[in-house]
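1. What shape does this take:
(chains A, B, C and D)
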Number of protein chains: 2
Amino acid sequence: MAIRQIVIGQRSETVRRANLSAIVRELHIRGPLSRSELVALTGLTRSAIRSLIGEFVDAGLVYEERAAPLGTPGRPSALVRMNADSAVVLALEISVDSLAAAEVGLGGEVLDLVRVDRPRGHSSVGAIVTDLAELAAEIRARRPTSEPYIGVGVAIVGVVRRSDGFVSMAPNLGWRDVPLDERLAFALHTDAPISVANDADLGALAEIRRGSAIGAEDVLFIHGEVGVGGGLIVGGRPLTGVAGYGGEVGHIPVNPNGLACRCGSVGCWETEVGEGALLLRAGHAPGGGRLEVAAVLREAEAGSPAALDALDNVGHWLGFGLAGLVNIFNPRLVILGGLFGRIHPFVARTIAGELDRRALPAPRELVRVVPASLGVDAPLLGAAELAFDPLLADPAIWLRPRTSLPELASA
Amino acid sequence: MAIRQIVIGQRSETVRRANLSAIVRELHIRGPLSRSELVALTGLTRSAIRSLIGEFVDAGLVYEERAAPLGTPGRPSALVRMNADSAVVLALEISVDSLAAAEVGLGGEVLDLVRVDRPRGHSSVGAIVTDLAELAAEIRARRPTSEPYIGVGVAIVGVVRRSDGFVSMAPNLGWRDVPLDERLAFALHTDAPISVANDADLGALAEIRRGSAIGAEDVLFIHGEVGVGGGLIVGGRPLTGVAGYGGEVGHIPVNPNGLACRCGSVGCWETEVGEGALLLRAGHAPGGGRLEVAAVLREAEAGSPAALDALDNVGHWLGFGLAGLVNIFNPRLVILGGLFGRIHPFVARTIAGELDRRALPAPRELVRVVPASLGVDAPLLGAAELAFDPLLADPAIWLRPRTSLPELASA
DNA sequence: GCACATTTGAAAGAGAGGAACACAAAACCC
DNA sequence: GGGTTTTGTGTTCCTCTCTTTCAAATGTGC
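-> Presented below is the predicted three-dimensional model:
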């Protein structure tokens, strides 16, 4: 019988897992909720909610607090609130010009956050891993308890294989084929599972969980920096592709007569809309970084024709590429992050014009283009969310082994 | 409490539905299976499979037949086989130059199929609906039983809103904003649910269910004809976008200096790779249709430089666009359908070259480009699959009301 | 203070799959 | 050709999880 198991049959246990997961997910994303709100959200009965919440309370992941009366008739419902300290993750970010680390508690509370500048250009894996470990140690030292992290999430400017956190390529750092998860596990002295993903993918995750795209199922997060990254949410799930390399929108060919791209191709989108293109056209040093971009924006505000022309040109190409993406994905929302978020006020009209001209009417009408709402920390917060995913997907695992967690008041 | 139900809590009934669905799905897609193969596939126990199969047998959807010994030791297992006549759908197709109708039974057996040529160019909705109804009546008349169809699926060259089968735009027919489902329901005199979708989307569905992409989770089906359509499968599910307009790859802008496209934009992919572009460059009448394309292919085989150049040019632009799509989607498979399937032998090398040059190494390595395996009927077969979807998703509904179905031998 | 609305708590009930055992049928081995 | 091995079936009882039901608790509004 040459047949492998593909479909997994469901059992009662599956139901329990799904329901526990739904409750944790709602609490984690929406914040404190009353039992009856949970009843409304999940469609389960009060009894079921009651018993499931009871288990979370016993495990210390959640506590209930007496709610202030809301002015509505009926017995007031106690608020169910996540215990941020009961499950904490470490989030790390390797960006073009900074490194960051944060500790985030269940429910999304940022307990601590450190970001340090990093010189642009190539760095050895060892150096960056060491720097990150130092940041992590700094945060760890400030932490009162000694509970281990339940997971580590890492955002990196680079192409990452999702299954195992293998960094296939990170041109901004000069990396190729780096098993980053292993290196970090060693440097951080941790057994916690380490998940690595592309920074734009994680920015998108953060935006749909905590930013301007909450609840949206079809979202394109386009992150501009030196290069262009894309975090694409399709039907509520991140587009990973067959090996996790999906979403590399920066290297869509858009201009057959364009410039050589560092990826080896010619006329990629990022050669037309990346930071370098903007600075060059505005008459600034193309390697200038964020400060130089800020200068261009100041000049544009002051009315400098060169700066305005450069922004207009980038806006044109941004719209050109976005039109194709809108036709392909029919998204509800396009979120512009990083550089694109900063220049949004200057390019919004140009982009809208290109979309009007080049996108099909039906998808065009439905899409809105907005700047990212989480700022520079979006990928870092997304890394935290990534680290929480196993807990959100199957909370039952966390309910059994841990019986004694820091106990907090429960009324 | 301003909260709407979003997550749906699971109950035992959900489990039952999921397991019934898994069984029907496997039988529908893989064909007859023994009980023990179903056990292996689903991970359920024999008792569970036994009782679920028993219900299907009672309902007449499935029957068991004594298996011939297979030469392996052990007691031979009875084969569980779908009863094709127990649930039949009607599939319809409105293509650029043909109309088709088919009757397909549960399990995918094509019971009857008719295809008639259609003059290219604009046609009124009424005329086409009438023609389709006639085809359907013809098939219906040949049918021995009078059981109603469980559903109707329609494939159409056009942009379709998935939720209700509203045809937003069909440039090949000259249609805008047509409520095709309503028109067909009236013309066919049927109460059966009617689902309408884009032909390329349905071609993709057929390819992952019955064609060359069985089991693949990330597939791009690119269908060339007068225009270019895309059926994109992401993570095993069709990419629909927020309103079902997703997958319109034909109108990705690829050439800023290109020709005006009938969509109103300039330099869309389909202006470079569509049938018109091929014929024009090969020195044929651009409106010539399939016969003219066949002529070009014969000339190319005979070594005509003009034909070869035209094919090479189309191959170049095909690869150019595909490179971007491969970078975005990181697919396992790109399937070329329609015109692109026919010219595949002539353009495969050119496409591969463009991909090598323009796609990122990581996704490039993982993708294969193949011609469609189902030929012209792919969208029609996909329409049938679309009509089966409700049954596959929740077979329980079909188990209760129908107690008397045509009974077939069960040993 | 009383009617009403809403939530809580606990016990009994129902639906679904799992585990274990006895039995059946075919191929293999000597 | 008979016993052994292997694979599959039928049946019964058990467990898990959510639902149902009823009584009690705790508010609001008049």
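2. use CA for all of it now, contacts and neighbours both
-> Will do.
3. So which residues on the stretch 101-250 of chain A come close to DNA strand C?
-> By Cα under 7 Å from any atom of the strand, no residue of the stretch 101-250 of chain A approaches DNA strand C.
4. what about the helices in the stretch 101-250 of chain A?
-> Assigned by DSSP state H, counting those that start in this stretch, the stretch 101-250 of chain A shows helices spanning A:125-141, A:180-188, A:199-210.
5. And those: which comes nearest DNA strand D?
-> Minimum separation from DNA strand D across the helices of the stretch 101-250 of chain A (Cα to the nearest atom of the strand) falls at helix A:199-210, 24.1 Å.
6. packing partners for the closest one?
-> Counting contacts by 3 or more Cα pairs under 8 Å, 6 or more residues apart in numbering or on different chains; DSSP states H and E, the secondary-structure elements packed against helix A:199-210 are strand A:151-156, strand A:219-224, strand A:228-234, helix A:378-393.
7. I'd like these laid out as TSV, including mean neighbour count.
-> Below are the helices and strands packed on helix A:199-210 laid out as TSV (neighbours: other Cα atoms under 10 Å in any protein chain shown):
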stretch	mean neighbour count
strand A:151-156	28
strand A:219-224	28
strand A:228-234	27
helix A:378-393	26
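8. Adding mean neighbour count, write the helices of the stretch 101-250 of chain A out as a markdown table.
-> Rendered in a markdown table, the data for the helices of the stretch 101-250 of chain A read as follows (neighbours: other Cα under 10 Å):
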| stretch | mean neighbour count |
| --- | --- |
| helix A:125-141 | 16 |
| helix A:180-188 | 17 |
| helix A:199-210 | 27 |
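9. Is residue A:267 in contact with residue A:273, as I believe?
-> No: the pair residue A:267 and residue A:273 fails to qualify as a contact (Cα atoms under 8 Å) at a distance of 10.6 Å.
10. of the two, who's got more company?
-> Neighbour count, other Cα atoms under 10 Å in any protein chain shown: between residue A:267 and residue A:273, residue A:273 has more, with 28 against 20.
11. can you pull the pLDDT of that one?
-> In the predicted model, residue A:273 carries a pLDDT score of 95.
12. what's the answer for the one 3 residues further on, then?
-> Note on residue A:276: pLDDT of 92.
13. can you pull the contacts of it?
-> When the contact criterion is Cα atoms under 8 Å, 6 or more residues apart in numbering or on different chains, the partners of residue A:276 are A:226, A:286, A:287.
14. same deal with residue A:18?
-> Residue A:18 makes contacts with A:393, A:394, B:9, B:10, as judged by Cα under 8 Å, 6+ apart.
15. Closest residue of the stretch 151-300 of chain A to DNA strand D?
-> For the stretch 151-300 of chain A, Cα to the nearest atom of the strand, closest residue to DNA strand D: residue A:236, 23.2 Å.
16. Look up how far residue A:215 lies from that residue.
-> Applying Cα to Cα, to the nearest Å, one obtains 8 Å for the distance of residue A:236 from residue A:215.
17. any common contacting residues for the two?
-> Contacts common to residue A:236 and residue A:215, judged by Cα under 8 Å, 6+ apart, are absent.
18. In space, what's closest to the residue of the stretch 151-300 of chain A closest to DNA strand D - neighbours in sequence excluded?
-> residue A:217 (4.0 Å; Cα to Cα, 6 or more residues apart in numbering or on different chains).
19. So what's the residue count around the one you found?
-> Summarising burial for residue A:217: neighbours were counted as other Cα under 10 Å, giving 18.
20. my guess is it contacts residue A:239, does it?
-> No: when contacts are counted by Cα under 8 Å, residue A:217 is not listed as touching residue A:239 (11.6 Å).
21. which residues do these two both contact?
-> With contacts taken as Cα under 8 Å, 6+ apart, residue A:217 and residue A:239 have residue A:233 as neighbours in common.
22. Phi first, then psi, for the residue of the stretch 1-150 of chain A found nearest DNA strand C.
-> Among all residues of the stretch 1-150 of chain A, residue A:74 sits closest to DNA strand C, at 3.1 Å; criterion: Cα to the nearest atom of the strand. With angles defined as degrees, to the nearest 10, residue A:74 shows backbone torsions of phi 100, psi 160.
23. From chain B, how far off is it?
-> From residue A:74 over to chain B the distance is 13 Å, taken as Cα to the nearest Cα, to the nearest Å.
24. Give me the neighbour count for that residue.
-> Using other Cα under 10 Å as the criterion, residue A:74 is surrounded by 8 other residues.
25. before we move on, what about residue A:366?
-> Other residues within reach of residue A:366, judged by other Cα under 10 Å, total 14.
26. Pull the number of nearby residues for the nearest residue to it once chain neighbours are set aside.
-> Spatial nearest neighbour of residue A:366, chain neighbours left out: residue A:332 (6.1 Å); criterion: Cα to Cα, 6+ apart. By the measure other Cα under 10 Å, the count of residues near residue A:332 is 23.
27. any idea of the mean pLDDT in stretch A:219-239?
-> Stretch A:219-239 carries an average pLDDT of 94.
28. Can you give me the end-to-end span of it?
-> Distance across stretch A:219-239, first residue to last, is 10 Å (Cα to Cα).
29. Hmm, residue A:152 is touching residue A:382, no?
-> No: using Cα under 8 Å as the test, residue A:152 is too far from residue A:382 to be in contact (11.4 Å).
30. Who are the contact partners of residue A:386?
-> By Cα under 8 Å, 6+ apart, the contact set of residue A:386 is A:153, A:195, A:202, A:205.
31. how about these in JSON lines, adding pLDDT?
-> Formatted as JSON lines, the contacts of residue A:386 follow (pLDDT from 0 to 100):
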{"residue": "A:153", "pLDDT": "97"}
{"residue": "A:195", "pLDDT": "96"}
{"residue": "A:202", "pLDDT": "96"}
{"residue": "A:205", "pLDDT": "96"}
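32. Between which two of those is the distance greatest?
-> For the contacts of residue A:386, the maximum inter-member distance is 13.7 Å, found between A:195 and A:205 (Cα to Cα).
33. Who's the closest spatial neighbour of residue A:10, skipping the chain neighbours?
-> Excluding the flanking residues, the one nearest residue A:10 by Cα to Cα, 6+ apart is residue B:15, at 5.5 Å.
34. Tell me the confidence at the one you found?
-> On pLDDT, residue B:15 comes in at 88.
35. now residue A:285
-> Looking at residue A:285, its pLDDT stands at 87.
36. Find the nearest non-adjacent residue to it, please.
-> Across the structure, with Cα to Cα, 6+ apart as the measure, the residue nearest residue A:285 apart from its sequence neighbours is residue A:279 (6.2 Å).
37. pLDDT below threshold where in chain A?
-> Confidence mapping of chain A against pLDDT under 70 gives the ranges A:1-7, A:67-72, A:400-411.
38. One more pass at 50, please.
-> A:1-3, A:401-411 (pLDDT under 50).
39. ok, longest helix in it?
-> Secondary structure of chain A per DSSP state H: the longest helix is helix A:305-329.
40. Could you check it and say which residues are buried?
-> Of the residues in helix A:305-329, A:307-308, A:310-329 count as buried by neighbour count, 16 or more other Cα atoms under 10 Å in any protein chain shown.
41. Tell me which ones among the residues you listed also neighbour chain B, please.
-> A:320, A:321, A:323, A:324, A:325, A:327, A:328, A:329 (Cα under 8 Å from any Cα of the partner chain).
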